[in-house]
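[1] Give me the fold of what follows.
(chains A, B, C and D)
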Number of protein chains: 2
Amino acid sequence: MARASTTSDAFNAIAEPRRRQILSYLVVQERQVGEIVAAIGIDQPSVSKHLGVLHKVGLVHMRRNGRHRLYRTNAAAIQPLHEWTGTFERYWKHQLNRVKERAEAQMSREGANNAGTFPKENL
Amino acid sequence: MARASTTSDAFNAIAEPRRRQILSYLVVQERQVGEIVAAIGIDQPSVSKHLGVLHKVGLVHMRRNGRHRLYRTNAAAIQPLHEWTGTFERYWKHQLNRVKERAEAQMSREGANNAGTFPKENL
DNA sequence: TTGACATATTCCCATATAAGAATGTATTGT
DNA sequence: ACAATACATTCTTATATGGGAATATGTCAA
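    Sure thing, here's the model as predicted:
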């Protein structure tokens, strides 16, 4: 099997850095394609293609207005990704705690009789 | 240009569902490859390849122990993803608020003089 | 109608999968 | 040394990019 399509889900869609840029840009307010092209600095067909991917997985909404198309980020579609990554939060906090505890233990050991151990360049 | 490599960053690496499964499994505790194979239910070479991708982008740590290799999720490497998705949180909350406000306005309008509007099937 | 403008779509191509099969490598027990 | 165990790597193949160039589609304005 080949790699899953970029349009298969939000995880695949946001793997592309340009699409993340577009999402960040469009979350503040609705924009037409030309504005995105100017803001992101890539050519119009590429922007349209990225918007197509984002739209297909529901990460952006689109409405027509005359000859313009107005896109905006559908933030709600990002929430599941936030929740998935959030399931790891307690574990990275554990890691931080362990690092902090080691550091504090080290500090007190040094404070006892190792003052002045660091070379000046590190201060 | 082709699609970016799965090993180019964490966003690309987690796009694959099996790799997300593996990360969830390995975050609880260190495991050897054979355990992952049994738990996830895919063949050993595939697991090894997925582990290779995850390891290359720093999403898992590995240590050797005799003929075993013990892998565990490096939760800290997931934090940046959580933070990126978190930048959209205020926006999806806004959306929710708007939905809620509309619903509440609707309720009070109905409560005033439209009681009994819903068909029984919806209650 | 005829342009002009805003976007989308198609075609081409170099590149990168992911799964399956087969094989290679390292380590342990005897 | 040798067989068994635990993993990793290589090869093949069907499939899917993403960028660039060219072209098509849809809408407004005169």
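
[2] For DNA strand C, see how far away the most centrally placed residue in chain A is.
    Centroid-nearest residue in chain A: A:Arg20, 6.5 Å away (criterion: CA atoms, centre = their mean). According to CB to the nearest atom of the strand, to the nearest Å, A:Arg20 stands 18 Å off from DNA strand C. Bear in mind the C-beta positions are built from the backbone N, C-alpha and C, glycine included.

[3] Who are the contact partners of that residue?
    A:Ile14, B:Phe11, B:Trp84 (CB atoms under 8 Å, 6 or more residues apart in numbering or on different chains).

[4] How about A:Val27?
    Counted by CB under 8 Å, 6+ apart, A:Val27 has contacts A:Arg72, A:Thr73, A:Ala75, B:Thr87, B:Phe88, B:Tyr91.

[5] next one: A:Glu16
    A:Glu16 neighbours (CB under 8 Å, 6+ apart): A:Thr6, A:His50, A:Val53, B:Arg3, B:Ala4.

[6] do A:Lys56 as well
    Neighbours of A:Lys56 in contact, by CB under 8 Å, 6+ apart: A:Thr7, A:Ala13.

[7] What subset of the contacts of A:Glu16 is buried?
    A:Thr6, A:His50, A:Val53 (16 or more other CB atoms under 10 Å in any protein chain shown).

[8] ok, and which of those reach chain B?
    When contact is defined as CB under 8 Å from any CB of the partner chain, those meet chain B at A:Thr6.

[9] What parts of chain A come near DNA strand D?
    Within reach of DNA strand D by CB under 7 Å from any atom of the strand, chain A has these residues: A:2-3, A:5-7, A:15-16, A:18, A:42-43, A:45-46, A:49-50, A:53, A:64, A:66-67.

[10] So which of the residues you listed belong to helices?
    Using DSSP state H, the subset of the residues of chain A next to DNA strand D located in helices is A:Arg18, A:Pro45, A:Ser46, A:Lys49, A:His50, A:Val53.

[11] Please produce CSV containing those residues, extended by distance to A:Gln79 and pLDDT.
    Listed next are these as CSV, based on distance: CB to CB, whole Å; pLDDT from 0 to 100:
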residue, distance to A:Gln79, pLDDT
A:Arg18, 22, 96
A:Pro45, 30, 96
A:Ser46, 27, 97
A:Lys49, 25, 97
A:His50, 21, 98
A:Val53, 19, 97
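
[12] Now tabulate those residues in CSV and tack on distance to B:Leu59.
    Listed next are these as CSV, based on distance: CB to CB, whole Å:
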residue, distance to B:Leu59
A:Arg18, 22
A:Pro45, 34
A:Ser46, 29
A:Lys49, 28
A:His50, 25
A:Val53, 24
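
[13] near DNA strand C, which residues of chain A show up?
    Residues of chain A lying near DNA strand C (CB under 7 Å from any atom of the strand): A:1-4, A:32-34, A:37, A:44-45, A:47-49, A:51-52, A:62, A:67-69.

[14] what about stretch A:7-21, start to end distance?
    17 Å (CA to CA, to the nearest Å).

[15] before we move on, what about stretch A:4-22?
    For stretch A:4-22, the end-to-end distance is 21 Å (CA to CA).

[16] in it, what's buried?
    Per 16+ other CB under 10 Å, stretch A:4-22 contains these buried residues: A:6, A:9-16, A:19-22.

[17] right, and the helix or strand after whichever strand or helix holds the residue nearest to the centre of chain A?
    Assessed by DSSP states H and E, A:Arg20 sits inside helix A:17-28. Per DSSP H and E, the first helix or strand lying C-terminal to helix A:17-28 is strand A:31-32.
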